[in-house]
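Student: sequence-free structure coming up:
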């Protein structure tokens, strides 16, 4: 069902962005606005919207039964013959009088497949990015959204705690990742995880986006685990770092630095503060210790129905934080060829400042 309040916010954002219509394919934004779940396939599905007019859906006939007649959508279903699809798209576009209009799309979501049908269905229209428009609508989480994210964090933390007993020398990164995925589902995560877990030991832990390999963990390894859960579609994204059997003195020091940087960033989180100030708070702690060049990424990113969304927490971002924004705080230090440490938490901006949704210990725990 269309959520009236969300569409009211969308209408205002569309107007302020200078748009006249919106075209969305299956995406988190479509779920956010309508609650409708479609998967991407060779059959295009497109949601067409103009404020004050009935929302329109072009979709395969086999998907039409998903739509509750009470929802008020105007449906344009099509059959299996691709030769008929262009005409159906044209009828839908004409239905909303989209010729000559400025139509917003999500450039990181709409495929060339849907774009070509849309272009063929309208004339003299301008198609441009609606990314910032949709970000404005989705960035401010309500109580139900925050509650779902809090539950996702709890599920994620429970799953990792259940996985830790198998982690020891001789176990491969891939085996740890497999067990963690199993425990996430057992703990109550949605079957579709936000992302595949990163399990990186030894030198691999110096790569922030390492992929689990068949490398066996060894005594003295640092181990970085970046994992997440989803609950009712909302994401958790956490990272904790561990040592296998013994903790190198330098990495013990680095662990304290990264934890201090994480907490310094959290202390900056309050309404009105620029996102860049949060990044700089973490970065200043690390730079003062001489490891600045080993902190190779931004401090965080927005979190919600997507694991990466607005706002983005990087030094130059002057966007003011507002109540209801949710994002990660994840400083790290990476020593090439040796190992790395990252500590990532999920936070929400509240009327009181920062509410950290994750509470798993941030100290470097020795395993095995």
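Tutor: Thanks, I have the structure now. This one's a predicted model, so the numbers in the text were calculated from it and none came from an experiment.

Student: Give me the buried positions along stretch 114-134.
Tutor: Going by neighbour count (16 or more other C-beta atoms under 10 Å), the buried part of stretch 114-134 is 114, 115, 117, 118, 121, 122, 125, 127, 130, 131, 133, 134. All C-beta atoms are positioned from the backbone trio N, CA, C, and that covers glycine.

Student: Now intersect those with the strands, please.
Tutor: Members of these lying in strands (criterion: DSSP state E): residue 127.

Student: Give me the distance between residue 328 and residue 231.
Tutor: Counting by C-beta to C-beta, to the nearest Å, the separation of residue 328 from residue 231 is 16 Å.

Student: which one of these two has more residues nearby?
Tutor: Set residue 328 next to residue 231 and count neighbours by other C-beta atoms under 10 Å: residue 328 wins out with 24 against 21.

Student: On the three-state scheme, that one is what?
Tutor: strand (DSSP: H, G, I helix; E, B strand; the rest coil).

Student: ok so, going back, restricted to helices, list the buried residues of stretch 114-134.
Tutor: Counting by DSSP state H, the buried residues of stretch 114-134 place 114, 115, 117, 118, 121, 131, 133, 134 in helices.

Student: From what I see, the fourth one and residue 44 are in contact.
Tutor: No: in this structure, residue 118 sits apart from residue 44 without contact. The criterion is C-beta atoms under 8 Å, and the distance is 9.2 Å.

Student: on that earlier part again, quick one: which of the ones in helices among the buried residues of stretch 114-134 is nearest to residue 102?
Tutor: Of all these, residue 133 has the smallest distance to residue 102: 11.2 Å, by C-beta to C-beta.

Student: Find the nearest non-adjacent residue to that closest one, please.
Tutor: residue 17 (4.1 Å; C-beta to C-beta, 6 or more residues apart in numbering).

Student: same check, this time on residue 239
Tutor: Nearest to residue 239 is residue 344, by C-beta to C-beta, 6+ apart, at 3.5 Å.

Student: Tell me, what's the model's pLDDT at the one you found?
Tutor: With respect to pLDDT, residue 344 has a value of 98.

Student: That one touches residue 226, doesn't it?
Tutor: Yes: Residue 344 lies in contact with residue 226 (C-beta under 8 Å); the separation is 6.8 Å.

Student: This structure - how does it break down into domains?
Tutor: 4-138, 143-367 (automatic domain parsing).
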